[in-house]
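Asker: Pasting a predicted model and its sequence here:
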Amino acid sequence: MTLIRPFKGLRPGTGKAVEVAAPPYDVMSYKEAVVLAKDKPNSFLHISRPEIDLPEGTDPYSPQVYEKAKVNLKSLVDKGVLVRDDEACFFVYRLTGRGVSQLGLVVSASVDAYDQNRIRKHEFTRPEKEDDRVRQIDELSVQTGPVLLAYPSSKDIDAIIASESTRDSDSDVLDADGVRHELWMISSAEKIAQLVALFDDLPALYIADGHHRSAAASRVQKLKMSREAQVVIGPKSYDYFLAVAFPQEQMQILAYNRVVADLNGLSPNDFLECLNKDFIVQPSDNPVVPKEKGVMGLYLDGHWYVLTLSAALRSDDSIETLDVSVLSNRVLGPVLGIHDLRKDKRIDFVGGIRGTRELVKRVDSKEMACAFSLFPTKIEELMAIADQGQVMPPKSTWFEPKLADGLVSHVLD
């Protein structure tokens, strides 16, 4: 199988892209999704977050949620809001906003390559989130949220993608956050063949964001294979998953901060005393946004602190040197008793795009007991760790700007 292949996209009909495009399903709360979808019947949130159309308090993992997504998807197709392409294509995707511009390629990526670690992961998934994506993809027979991939620098790939973006775009959406999403269809058989061959020559692709969606695609492939009455020769649509690949040098990673619900029985003063063992703890009059590795911020009991890891404890290990690892190994586990970030309900994760205000808000509201601001991981660190076959702590990277849901979906025929 090839590493990538073109596909017949399910996309907004002419003039419908602005109505359909929505933020990724997993970057907002239920209440935020309700507000965003209000008076927008064609918003893709009715498919990606269908619980907004059910009574408040509905379990988002209940069977009726996935059934509602299926009903809503069929409705948008029946109304011509979403239309299937007649031919298999790639799409150039340009993201402009948050201080960067990224030019990449929308593809269907090989599940087998993912299983064989040629499409490389760097995180474990959270079981309930992976199960959710499996059920959603299986119910709809559509992959609705793209996996964000990084590809190693390739001037040849970049040149083809850039040349295809010089004409008027096929869709152009400016989202509520001021991020621009543009798409260009690539239907030329010659260009498609060139891109397939160039991607096949790459040593690997790297999952930047979308570990749950890619893991779910692998599980759905096995499910559908088990249901086949007879062996089907050749690649099937479920052998591939929806992805957008950008060159590594264009990727922007922000911090993925942490908030913790309680201090594991410690008082604020006792907690600070525990931190003195491994860190230099200094009060700060201002919110702490770390500027280097080995330095993190703590918001506790209405006050900010700078935590600087003691020089004697700094490591050269590619994983241990990450601040997300330092926090887990020096604070979350031994002091706060949080050993499994994938399953422990006492910890939550806050994307760096929300800034320190969100950390203060969640602690001051008494929802959480403390918050940590971290220094972001670099894309080169992510790729090196993935090449070593190792994994970082969950939620180690927050990529910006985010891809939109709904502009292109991948149908599993």
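Answerer: Yep, that arrived.
Asker: who's residue 108 bridged to?
Answerer: residue 5, residue 242 (DSSP bridges).
Asker: Residues touching the helix or strand that contains residue 160, excluding its own?
Answerer: For residue 160, the enclosing helix or strand under DSSP states H and E is helix 155-164. Identification of contacts with helix 155-164 by C-beta atoms under 8 Å, 6 or more residues apart in numbering yields 92, 103-105, 151, 184, 186, 191, 194-195, 198-199, 247. Using the backbone N, CA and C atoms, a C-beta is placed for each residue, glycine as well.
Asker: Name the member of those with the shortest distance to residue 12.
Answerer: Using C-beta to C-beta, residue 184 comes nearest to residue 12 of the contacts of helix 155-164, at 14.7 Å.
Asker: dump the residue contacts of the closest residue to that closest one other than its chain neighbours.
Answerer: Leaving aside its sequence neighbours, residue 184 sits nearest to residue 92 (C-beta to C-beta, 6 or more residues apart in numbering; 4.2 Å). Residue 92 is in contact with 103, 104, 105, 106, 161, 164, 165, 182, 183, 184, 186, counting by C-beta under 8 Å, 6+ apart.
Asker: Look at the fourth one and tell me its secondary structure.
Answerer: When you say that, I think you mean residue 106. State at residue 106, reduced to three classes by DSSP: H, G, I helix; E, B strand; the rest coil: strand.
Asker: And the helices in the chain, which stretches?
Answerer: Counting by DSSP state H, the chain has helices at residues 17-20, 30-37, 45-48, 63-78, 111-115, 127-140, 155-164, 189-200, 211-227, 268-275, 323-327, 355-364, 379-387.
Asker: Out of those, which gets nearest to residue 5?
Answerer: Closest among those, using C-beta to C-beta: helix 189-200, at 6.6 Å.
Asker: How about residues contacting that closest one?
Answerer: Residues from elsewhere that reach helix 189-200, judged by C-beta under 8 Å, 6+ apart: 2-6, 88-90, 105, 107, 151, 154, 156-157, 160, 164, 186, 205, 245.
Asker: Apply the buried test to those and list what passes.
Answerer: 2-6, 89-90, 105, 107, 151, 154, 157, 160, 164, 186, 205, 245 (16 or more other C-beta atoms under 10 Å).
Asker: Find the nearest non-adjacent residue to residue 331, please.
Answerer: Of all residues beyond its chain neighbours, the one nearest residue 331 is residue 275 (6.8 Å), with distances taken as C-beta to C-beta, 6+ apart.
Asker: who's in contact with that neighbour?
Answerer: 281, 298, 307, 331, 335.
Asker: Highest neighbour count among the residues you listed?
Answerer: Highest neighbour count within the contacts of residue 275: residue 307, with 26 neighbours (other C-beta atoms under 10 Å).
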